[in-house]
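S.K.: Structure for the following, please:
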Amino acid sequence: MGLKDRIFPKESNFHKMLMDQSSKTLEGIEALETFVGNQNQENANKVKTIEREADELRRILVEELHQTFVTPMDREDIYALSRAIDDIVDYANSTVDEMEIYEVSSDDHLKEMVEILKKATREINDAVKILETYPNIALEHAVKAKSYENMMEKAYHSALADLFKKTDTVYMLKMREIYRHLSNAADRSDEAANILCSIVMKTT
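M.R.: Numbering: from 1, shown residues only. Below you'll find the model as predicted:
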């Protein structure tokens, strides 16, 4: 770093990097939706590829954060939001991995949960895209994302209730873990929404 850079440090475009991350995560959840509708290797590989790309975007953001003195919002919030967004697509990848490992097929509950997760992720993506320019509208999207987490909780417990009516204990254990990944993904979308709300409150 030269003298000029130390005196006048470059401000990295963290809004753009977060937008890239949230868009990639939404792409991953849409790929997961395709996979649960049609379980084949090509659709599974698509989710895994997107998850790796999302990880790379997060690594770049974290590296920029380490090298940047001036940030448009609290660096802790940038880091936490980036992590929460990345965790959503990580759980999508875990869902695909375990469905393959356990050799289980999708069911209606799984499809419903993925649909809810997609809606929540879309709201997070919409919020991140306009966070800098229209923070109050971004706040509305974040609040909407939180409502989908509540819907996911209901869908998750409904899925478990039906699952525990079955007699195949091994199958029950397998599906419970897969349902849990999707519930955890929704929890991370809720965390991302909370961080977005906090950022808006701090910056407006």
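
S.K.: for the protein, what's the longest helix?
M.R.: Across the chain, the longest stretch assigned as helix under DSSP state H is helix 169-203.

S.K.: which is the next helix or strand following the helix or strand bottoming out on mean pLDDT in the chain?
M.R.: Taking mean pLDDT, DSSP states H and E as the measure, the chain has helix 3-7 as its least confident helix or strand, at a mean of 44. Using DSSP states H and E, the helix or strand that follows helix 3-7 in sequence is helix 14-37.

S.K.: That next one to helix 169-203, inter-axis angle?
M.R.: 160 degrees (axes from the mean of the first three to the mean of the last three C-alpha atoms, to 10 degrees).

S.K.: From the contact counts, what lies against the helix or strand just after helix 14-37?
M.R.: Where DSSP H and E defines the elements, the next helix or strand beyond helix 14-37 is helix 41-67. The helices and strands touching helix 41-67, judged by 3 or more C-beta pairs under 8 Å, 6 or more residues apart in numbering; DSSP states H and E, are helix 14-37, helix 75-102. (Glycine included, C-beta is placed from N, CA and C.)

S.K.: Centre of the chain to helix 41-67, how far?
M.R.: Mean-position distance between helix 41-67 and its chain equals 12 Å (C-alpha atoms, centre = their mean, to the nearest Å).
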